[in-house]
Every structure is written in structure tokens, then in C-alpha cells.
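*Asks:* After the sequence you'll find the predicted model.
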Amino acid sequence: MYFPLQAQQKKGTTLANFSGEWKSKESISMGGNIYCAYSLDDRMSSKTMKIANQANFLTIETANLSTGLALSTSHEKLIFDGKESQVNYGPGIEKKFTVKWSADEQTMTVNSISYQGQVIHYVTEVWKLSNDGKYISVQANAKSNVWDEERSWKTEFEKTN
């Protein structure tokens, strides 16, 4: 006998859809402290994001224009399988991360470890889409082997398209 099986979402829930073009509502910072960015191209330092949701992953395209530097674009793929992914930004700079959905499939948590030479950052980001789908809030908490305390910041993005 053969029974076809198909993965389905829980009845009554719809996976939060982060697709769209997004712009931060205000400058990204942590109350005067440096936020945790892995490189100039990293999504955590970008003021804009273009996100495409797929069934098992989402892709994030960011643009960063720093004073005196040319426009740079970065692409990152967040896979929902819970397995570790990795991005290499250059010699000695890399980020490893996992992505997990909450039980109600409305909140996405990204746990990252970045290595910048001898400096190691541990970052947890909690992504939440507003009920009307017009805003994304990203609450981030970071620890490091060079900081004395845990740092936290929140960034809100508004949908532009």
C-alpha cells in the first residue's frame, strides 16, 4: 500500500509572510552603542531590505551606502529547516546561524554566531510581522566575548511597496 504524504501547516494558521520591500523607520542604533553588524553589507546594518518568502526559506537583499563607499548589495538566504547555515564575508569574518518559527508560525527567531578574528558575537533576533502586514519589528539581543554586558536594540521596518 502506498499513502502520499504532504507537509501541511496547522489548521487556522498562516505562516507570516515577510515578502516585500522594507525601510527602517529610524536610524539603526542601540541608544548610542554600536549595534552588532558583521560587515558593511550585513542586513543588521542596512536601512532597507527586499525580502522574498518561499515555502522553506526566505531571501533578503540589502543595500548599504556608507559615506565615501560605493553602493553594495548583499544576499542572504534564511532556511527554515533548523540546520546551521553560514555566510563568509571575507578572511576571518563569518557568520553561522539557524532559523526557527514559533509554534503559531507568526514569529521567526534567528540565532547567529559571528566570528571576526578573535571577536565572537552571539546574537538572537526575533522577527515579528504586524497584524496588518505593514511593519516588521526585529528585537535583537547580543553578547560578545569583548563586551561586559548584553546589548539589546529594536529596529522597525515599514513596507514601502
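*Replies:* That came through fine.

*Asks:* Quick one: list the elements packing against the helix or strand encompassing E61.
*Replies:* Counting by DSSP states H and E, the element that carries E61 is strand 57-64. Judged by 3 or more CB pairs under 8 Å, 6 or more residues apart in numbering; DSSP states H and E, strand 57-64 is in contact with strand 48-53, strand 72-79. For every residue, glycine as well, the C-beta is placed using N, CA and C.

*Asks:* Tabulate these (CSV), appending distance to G133 and mean neighbour count.
*Replies:* What follows is these, written out as CSV (distance: least, CB to CB, whole Å; neighbours: other CB atoms under 10 Å):
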stretch, distance to G133, mean neighbour count
strand 48-53, 11, 18
strand 72-79, 18, 16
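
*Asks:* need the strands for this structure, in chain order.
*Replies:* Assigned by DSSP state E, the strands in the chain fall at 20-24, 48-53, 57-64, 72-79, 85-90, 93-101, 107-116, 119-129, 135-144, 151-159.

*Asks:* now for the shortest one, which elements pack on it?
*Replies:* Read it as strand 20-24. Under the contact criterion of 3+ CB pairs under 8 Å, 6+ apart, strand 20-24 touches strand 48-53, strand 151-159.

*Asks:* Minimum distance to A140: which of those has it?
*Replies:* Among the helices and strands packed on strand 20-24, the nearest to A140 by CB to CB is strand 151-159 (5.5 Å).

*Asks:* Flag every buried residue along the closest one.
*Replies:* 151, 153, 155-157, 159 (16 or more other CB atoms under 10 Å).

*Asks:* Stretch 107-117 now?
*Replies:* So, applying 16+ other CB under 10 Å, buried residues of stretch 107-117: 107-108, 110, 112, 114-116.

*Asks:* one step back: now do the strand holding E61 against strand 93-101, angle only.
*Replies:* Per axes from the mean of the first three to the mean of the last three CA atoms, to 10 degrees, the angle that strand 57-64 makes with strand 93-101 is 140 degrees.

*Asks:* I figured M49 hits I60, correct?
*Replies:* Yes - if you go by CB atoms under 8 Å, M49 and I60 touch, sitting 5.5 Å apart.

*Asks:* thought S85 was touching V110?
*Replies:* No - using CB under 8 Å, S85 is not in contact with V110; the gap is 9.9 Å.
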